[in-house]
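Peer 1: Predicted coordinates and the sequence they were generated for:
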Amino acid sequence: MTADGEKAEETLDITVGERQYTEEEMREIFDRAADQLEILILGDNDSLDRVTADLALISEIPDLPVAVEWELDRYDVLTINGEIQEEALQMALAEEPEGVLVNLKAFMTYTQDQTRQAAHQVTVRICAASRTKEERLLERIESKIIEYGNENKIKETIELPQEIDGQKISYHYPMNTRGLVVLAMGLITVLLLFCLERQNEKKEEEKKKQQMMLDYPQIVSQLNLLLGAGMSSKSAWKKIVDDYQRRERPNGARAAYEEMVSAWNEMCGGVSEKECYENFGSRCGLQPYMKLGALLSQNLRKGTKGLADALRLEGLHAFEERKALARRRGEEAGTKLLLPMFLMLAVVLVIVIVPAFLSISL
C-alpha cells in the first residue's frame with residue numbers, strides 16, 4: 001500500500017470472512033434441499049408411493065451447505081439408515097396389505113450456522129418386493145415342507161412335495177462343477193503337451209536337416225578324394241563309414257553318417273549297391289542327398305567316366321550352400337539379439353535422462 005505518496009515496506013494480509021445468507025436466501029436454499037431430498041432418498045426405487053428396496057437416507061445435500069438428520073415414526077419396518085426390516089414388514093403387511101405408510105421427518109441444518117434450521121416431512125409407502133415366478137414357487141415349496149414337518153415331527157424323514165398348483169416337481173442335487181473344471185484343465189493340458197511334443201519333434205527334425213546340410217560338403221569331398229585315388233564307390237563308402245564309426249560316432253551321432261551306416265549294412269545284407277544308394281537318398285529326404293544317391297547309382301550303370309567331375313562340381317556347389325546357410329544362421333542370431341539390445345538401450349536412456357531431469361531446478 002501507499003500512504004501520502006510513500007510506499008510501505010510491510011505487506012497487509014486481509015482475511016475475508018464468508019458472507020452470511022439472508023433469511024430469504026436461506027429459505028430458498030432449504031426449499032431446494034427439500035426438493036432434492038425426495039429424489040436423493042429414492043435409491044433403487046421408482047417412486048416414494050411404492051418402496052420395495054432400501055432407501056438412501058442421506059446425511060448431507062450435495063452442492064448445498066445443508067446437513068440432514070432423520071426421524072421416523074416406524075422404526076420397526078425401517079431403520080434410521082433406510083434399510084427395510086423384512087420380517088417386521090411381512091408382519092405389518094398382514095394388517096396393511098396395500099403397503100405400510102412411514103412418515104419421515106428431515107431436520108435440515110445450515111452447516112455454517114447451527115441455529116438456522118428447517119424441517120421437511122416425507123411419507124413413503126413400503127410394499128413387498130415384487131417376486132418372480134420361481135421365487136413364488138420356492139416359497140410355496142418351503143411352506144409345504146414346513147407344514148409337513150410340523151405335522152410329522154416324530155418321523156425321521158421329510159417328504160418333499162411332488163406337485164404344487166398342478167405342476168409336477170422333481171428334485172436333484174446341485175451339480176458340482178469342480179470335476180468338470182478339473183477335466184477341462186486336464187484335457188487342455190494334454191492338448192498343450194501334445195502340441196509341445198509336436199513342436200519339439202519339428203525342432204529336432206529341423207535341427208537334423210541343418211546338421212545333414214552342414215555335413216554334406218564334407219561327405220562329397222571325401223567321396224571325391226577317395227574315388228580320385230582309385231577306389232571304387234563301394235570301397236570309398238566303406239572307408240567313410242569305418243572312419244565315422246571309429247572317430248566321430250563316440251562324440252555324438254551325425255544323422256547323415258548314420259544313414260550311410262544303414263546303407264552299408266544293407267549292402268552287407270545282400271541288397272544291391274544301386275538300390276542301397278537310392279534308398280540312402282530317399283531316407284535322407286533332402287535334395288542334395290537324393291542327387292548324390294542318383295550320381296552313385298548312375299555310376300554303376302554307366303561307369304566311372306565323368307563321376308569325378310560331377311562330384312567335384314557338386315562339392316563346390318555344396319560348399320557355397322554351406323556358406324549361404326552359415327550367413328542365414330548369422331542373420332537369425334542377429335535378429336534374436338535385437339530385443340536385448342533394445343532393453344540395453346532403454347536402460348542407458350534411463351541412466352542418462354533421469355539424472356538430467358532431476359538436476360533441473362524448477
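Peer 2: That came through, no problem. Since the structure is predicted, the reported quantities are computational estimates derived from the model, not experimental observations.
Peer 1: Gln318 contacts Gln222, doesn't it?
Peer 2: Actually, residue 318 is Ala rather than Gln. No. Counting by Cβ atoms under 8 Å, Ala318 sits too far from Gln222 to count as a contact (11.7 Å). (Each C-beta comes from the backbone N, C-alpha and C, glycine too.)
Peer 1: quick one: which of those two has more around it?
Peer 2: Ala318 (22 against 17; other Cβ atoms under 10 Å).
Peer 1: those strands in the protein, which residues are they?
Peer 2: In the chain, the segments counted as strands under DSSP state E are 2-3, 6-7, 66-72, 100-110, 117-126, 163-164, 167-168.
Peer 1: List just the one of those strands that sits closest to Gln36.
Peer 2: When the strands of the chain are compared by Cβ to Cβ, strand 66-72 sits nearest Gln36, at 9.2 Å.
Peer 1: list the buried ones in that closest one?
Peer 2: 66-68, 70, 72 (16 or more other Cβ atoms under 10 Å).
Peer 1: ok, and for the helix or strand bottoming out on mean pLDDT in the chain, which residues are buried?
Peer 2: None of the helices or strands of the chain scores lower by mean pLDDT, DSSP states H and E than helix 307-336, at a mean of 74. Neighbour counts over helix 307-336 (16+ other Cβ under 10 Å) mark 307, 311, 314-315, 318, 322 as buried.
Peer 1: Can you give the domain ranges for this protein?
Peer 2: Residue ranges for the domains of the chain, per automatic domain parsing: 23-126, 199-342.
Peer 1: okay, and for the chain, where does confidence drop off?
Peer 2: The model of the chain has pLDDT under 70 over residues 130-131, 302-306, 308, 361-362.
Peer 1: just the helices in it please.
Peer 2: Taking DSSP state H to define them, one finds helices in the chain at 23-40, 86-95, 133-151, 178-228, 233-243, 255-268, 273-284, 287-302, 307-336, 338-359.
Peer 1: okay, the angle between the fourth one and helix 255-268?
Peer 2: Right, the one you point to is helix 178-228. 70 degrees (axes from the mean of the first three to the mean of the last three Cα atoms, to 10 degrees).
Peer 1: Please convert the helices of the chain to a markdown table, extending it with distance to Asp54.
Peer 2: Below are these laid out as a markdown table (distance: least, Cβ to Cβ, whole Å):
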| stretch | distance to Asp54 |
| --- | --- |
| helix 23-40 | 13 |
| helix 86-95 | 11 |
| helix 133-151 | 18 |
| helix 178-228 | 35 |
| helix 233-243 | 90 |
| helix 255-268 | 77 |
| helix 273-284 | 80 |
| helix 287-302 | 80 |
| helix 307-336 | 62 |
| helix 338-359 | 52 |
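Peer 1: still on that earlier bit, save the buried residues of strand 66-72 as TSV, and put in distance to Ile146 too.
Peer 2: Shown next, in TSV, are the buried residues of strand 66-72 (distance: Cβ to Cβ, whole Å):
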residue	distance to Ile146
Val66	49
Ala67	47
Val68	43
Trp70	37
Leu72	32
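Peer 1: so which pair among those residues is furthest apart in space?
Peer 2: Val66 and Leu72 (19.5 Å).
Peer 1: returning to what we had before: nearest to Phe107 among the buried residues of helix 307-336?
Peer 2: Arg322 (95.3 Å).
Peer 1: residue contacts, that closest one?
Peer 2: Residues counted as contacts of Arg322 (Cβ atoms under 8 Å, 6 or more residues apart in numbering) are 213-214, 216-217.
Peer 1: how close does the closest residue to Tyr257 other than its chain neighbours get to Met260?
Peer 2: Leaving aside its sequence neighbours, Tyr257 sits nearest to Tyr244 (Cβ to Cβ, 6 or more residues apart in numbering; 4.4 Å). For Tyr244, the distance to Met260 equals 7 Å [Cβ to Cβ, to the nearest Å].
Peer 1: Just give me the neighbour total for the nearest residue to Asp76 once chain neighbours are set aside.
Peer 2: If the residues on either side of it in the chain are set aside, Asp76 comes closest to Ala88, at 4.5 Å by Cβ to Cβ, 6+ apart. When neighbours are counted by other Cβ under 10 Å, Ala88 registers 15.
Peer 1: wouldn't Ala88 be in contact with Thr79 here?
Peer 2: No. Taking contacts as Cβ under 8 Å, Ala88 lies outside contact range of Thr79: 10.3 Å.
Peer 1: In TSV, list the buried residues of helix 307-336 along with distance to Tyr173.
Peer 2: Formatted as TSV, the buried residues of helix 307-336 follow (distance: Cβ to Cβ, whole Å):
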residue	distance to Tyr173
Leu307	82
Leu311	79
Glu314	76
Gly315	77
Ala318	72
Arg322	70
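Peer 1: ok, now how distant is Glu278 from Leu358?
Peer 2: Glu278 is 74 Å from Leu358, by Cβ to Cβ.
Peer 1: between those two, which one's more packed in?
Peer 2: Glu278 (17 against 8).
Peer 1: is it true that that one touches Ser297?
Peer 2: Yes. Glu278 is within contact range of Ser297, at 5.4 Å (criterion: Cβ under 8 Å).
Peer 1: Most neighbours among the contacts of Arg322, which one?
Peer 2: Taking other Cβ under 10 Å as the neighbour criterion, Tyr216 ranks highest of these with 24 neighbours.
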